[in-house]
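*Asks:* predicted structure and sequence below. I'll ask about it afterward.
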Amino acid sequence: MDTLIIEGSAKTPDIKFNPQSGVVEIKGRSIPENSIEFYKPLIDWLDKYSFKPQPNTVVNIQLEYFNTSSSKCILDVFKKLEAINKSGNSKVIINWHFEEDDEDMSEAGEDYQAIINVPFNMVMVEE
């Protein structure tokens, strides 16, 4: 599998997924015109990756802001990761990065942590 790279913009996050290292990075703002269309390549890619994942899959998420439609798509991504984790073929860890004064992102991470059955680390970063 090739590395998935989706270049970010003012409205979309950078997405990088290296299948050799098992590292996924999502960083930036997520307010695309069509969230489902934007996240579809990542979700399709995770479907393919799930057949032959690395022993460890690490997901680093550092979003400044995301809209409601993005939150649903992010949950869909997490559900794919949860299935990979449950399969026993890969230990998935999600690292949710948020700035120390960003209560919205902190609460969003806590909400996802409560929903998803995957090791989930809240990582506070200094501005």
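*Replies:* That came in fine, so what should we check first?

*Asks:* ok so residue 104 is a helix residue?
*Replies:* Yes: assessed by DSSP: H, G, I helix; E, B strand; the rest coil, residue 104 belongs to a helix.

*Asks:* so what's the spatially closest residue to it that is not a sequence neighbour bridging to?
*Replies:* Nearest residue to residue 104, sequence neighbours excluded (CB to CB, 6 or more residues apart in numbering): residue 65, at 7.8 Å. Bear in mind the C-beta positions are built from the backbone N, C-alpha and C, glycine included. Per DSSP bridges, the residues bridged to residue 65 are residue 29.

*Asks:* what's the separation between residue 65 and residue 112?
*Replies:* Separation of residue 65 from residue 112 (CB to CB, to the nearest Å): 15 Å.

*Asks:* of these two, who's got more company?
*Replies:* residue 112 (19 against 14; other CB atoms under 10 Å).

*Asks:* and the more buried one, which helix or strand is it part of?
*Replies:* For residue 112, the host element (DSSP states H and E) is helix 103-115.

*Asks:* tell me which residues are up against that helix.
*Replies:* The contact list for helix 103-115, computed with CB atoms under 8 Å, 6 or more residues apart in numbering, reads 63-66, 71, 74-75, 78, 94, 96, 98-99, 120, 122, 124.

*Asks:* okay, buried residues for that helix please.
*Replies:* Neighbour-count burial for helix 103-115, counted by 16 or more other CB atoms under 10 Å, picks out 105, 106, 108, 109, 112, 113.

*Asks:* selection in ChimeraX covering whichever of the contacts of helix 103-115 are buried, please.
*Replies:* Listed next is the ChimeraX selection for buried residues among the contacts of helix 103-115, using 16+ other CB under 10 Å:
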select :63,66,71,74,78,94,96,98,120
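
*Asks:* can you tell me which of the contacts of helix 103-115 end up in helices?
*Replies:* Using DSSP state H, the members of these that fall in helices are 71, 74, 75, 78.

*Asks:* which stretches in this structure count as strands?
*Replies:* Applying DSSP state E to the chain gives strands spanning 4-6, 14-18, 23-30, 56-66, 91-99, 120-125.

*Asks:* done for today, thanks.
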